[in-house]
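Peer 1: starting from these lines, generate the structure:
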Amino acid sequence: MSARELDAAGITDPALRASYEACRRLNASHGKTYYLATLLLPAHKRPYVHALYGFARYADEIVDDLGSTLTDAQKAEWLVGWGEQFVRDVEAGGSEHPISRAVVDTVRRWDIPLAHVEAFLASMRMDLTVTQYETYDDLMTYVYGSAAVIGLEMVPVLEPLVPHEVADPYACDLGIAFQLSNFLRDVGEDLRRGRVYLPMEDLRAFGVTREHLAHGVVDGPVRRLLAFEVARTRELYRSAAQGVRLLHPTSRPCIETALALYGGILDEVERADYQVLGQRVGVGPARRAAVALPGLARAWAARRAT
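Peer 2: Sure thing, here's the model as predicted:
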């Protein structure tokens with residue numbers, strides 16, 4: 001599958017193919033939902049999506065690896081150095097780094113603004129020093145770099161039928177909705193990393209504290225807090241869905257499927273009665289298949305039509 005995608009994309013250099021394959025493996029191993037949706041894109045576009053995901057995941061693993069022996073200061077220094085080298089590599093037209101090589105190629109092929117990459121790395125550095133966010137707007141400052149820019153990076157690959165300034169807000173909403181869904185699924189896991197990605201003002205509004213969450217008991221106040229956050233995230237999904245029609249027809253099944261699968265995380269949080277403090281809920285294989293199979297049919301039909 002990977003070789004066919006690389007051939008379809010016209011990527012022939014062995015070292016570059018190896019880098020794209022490394023990114024694909026990161027996507028397949030750590031982003032199963034995202035990876036499944038990516039398979040609905042035309043084969044010649046998939047390597048570039050794998051590269052963008054691989055870049056984000058590689059940096060995220062450095063920040064969040066609980067088994068790492070690096071201090072936060074050393075991780076921050078590594079991120080700064082890696083980011084600065086990446087910018088130099090883009091300007092030079094190539095990289096020796098096994099992950100960056102494919103991403104440099106993707107950024108250059110699709111003319112992706114480096115500002116998006118810089119915003120992402122800035123948010124990764126925030127994870128090393130910031131453990132909570134006072135307001136929703138404060139959280140959005142972080143989420144813009146950690147998620148919205150991922151959507152913006154994807155826009156050129158998805159080939160919108162409208163100017164970027166029209167498509168970009170929907171891409172931002174999509175990335176933010178995905179990120180907030182992950183936050184809601186991972187409340188307990190993030191707490192164990194010493195972080196809370198629910199605004200402190202929201203906790204206070206529902207009579208909840210960090211210590212309250214750390215006890216691991218989903219009582220009435222916690223349940224109402226999480227229900228509020230789920231409802232707010234669903235609004236972002238509704239907004240993002242309006243942007244699907246602005247994309248090239250062969251890109252729509254991928255995004256429609258991603259919307260359904262990530263939105264399914266919220267369904268599972270509700271189905272679990274918001275019990276996310278001691279466990280990680282997720283979309284099971286049966287539901288993933290039920291969503292993906294119709295998406296495959298739509299993707300095949302779209303490719304035939306174009």
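Peer 1: hang on, isn't R125 packed against E77?
Peer 2: No - under the criterion of Cβ atoms under 8 Å, R125 is not in contact with E77, lying 10.0 Å apart. Every residue, glycine included, has its C-beta placed from N, CA and C.
Peer 1: more neighbours, these two?
Peer 2: Set side by side, R125 and E77 show unequal neighbour counts under other Cβ atoms under 10 Å, the larger going to R125 at 19 against 13.
Peer 1: ok, now which ones touch the more buried one?
Peer 2: Residues near R125 by Cβ atoms under 8 Å, 6 or more residues apart in numbering: A76, L79, V80.
Peer 1: ChimeraX command for the buried members of those residues?
Peer 2: Selecting only the buried members of the contacts of R125 in ChimeraX, with burial defined as 16 or more other Cβ atoms under 10 Å, works like this:
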select :76,79
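Peer 1: can the contacts of R125 go into a markdown table with extra columns for pLDDT, distance to L52 and secondary structure?
Peer 2: As requested, the contacts of R125 are exported to a markdown table (pLDDT from 0 to 100; distance: Cβ to Cβ, whole Å; DSSP: H, G, I helix; E, B strand; the rest coil):
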| residue | pLDDT | distance to L52 | secondary structure |
| --- | --- | --- | --- |
| A76 | 86 | 23 | helix |
| L79 | 85 | 17 | helix |
| V80 | 86 | 21 | helix |
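Peer 1: out of the contacts of R125, who's nearest V155?
Peer 2: L79 (24.6 Å; Cβ to Cβ).
Peer 1: if I look at the closest one, how far off is D13?
Peer 2: Computed as Cβ to Cβ, to the nearest Å, the L79 to D13 distance reads 27 Å.
Peer 1: what of G151?
Peer 2: As judged by Cβ to Cβ, G151 and D13 stand 29 Å apart.
Peer 1: between the two, which one's more packed in?
Peer 2: The residue with more neighbours, out of G151 and D13, is G151; 26 against 13, by other Cβ under 10 Å.
Peer 1: contact partners for the more buried one?
Peer 2: The contact partners of G151, by Cβ under 8 Å, 6+ apart, come to A171, C172, D173, L174, G175, I176.
Peer 1: how many neighbours does the fifth one have?
Peer 2: Number of residues near G175 (other Cβ under 10 Å) recorded here: 23.
Peer 1: surely it meets A147?
Peer 2: Yes - between G175 and A147 there is a contact under Cβ under 8 Å: 4.1 Å.
Peer 1: out of the contacts of G151, which are inside helices?
Peer 2: Cross-referencing the contacts of G151 against helices under DSSP state H gives A171, C172, D173, L174, G175, I176.
Peer 1: against R204, how distant is the first one?
Peer 2: Between A171 and R204 the distance, using Cβ to Cβ, works out to 32 Å.
Peer 1: and L39, backbone torsions?
Peer 2: Its backbone dihedrals place L39 at phi -60, psi -10, with angles given as degrees, to the nearest 10.
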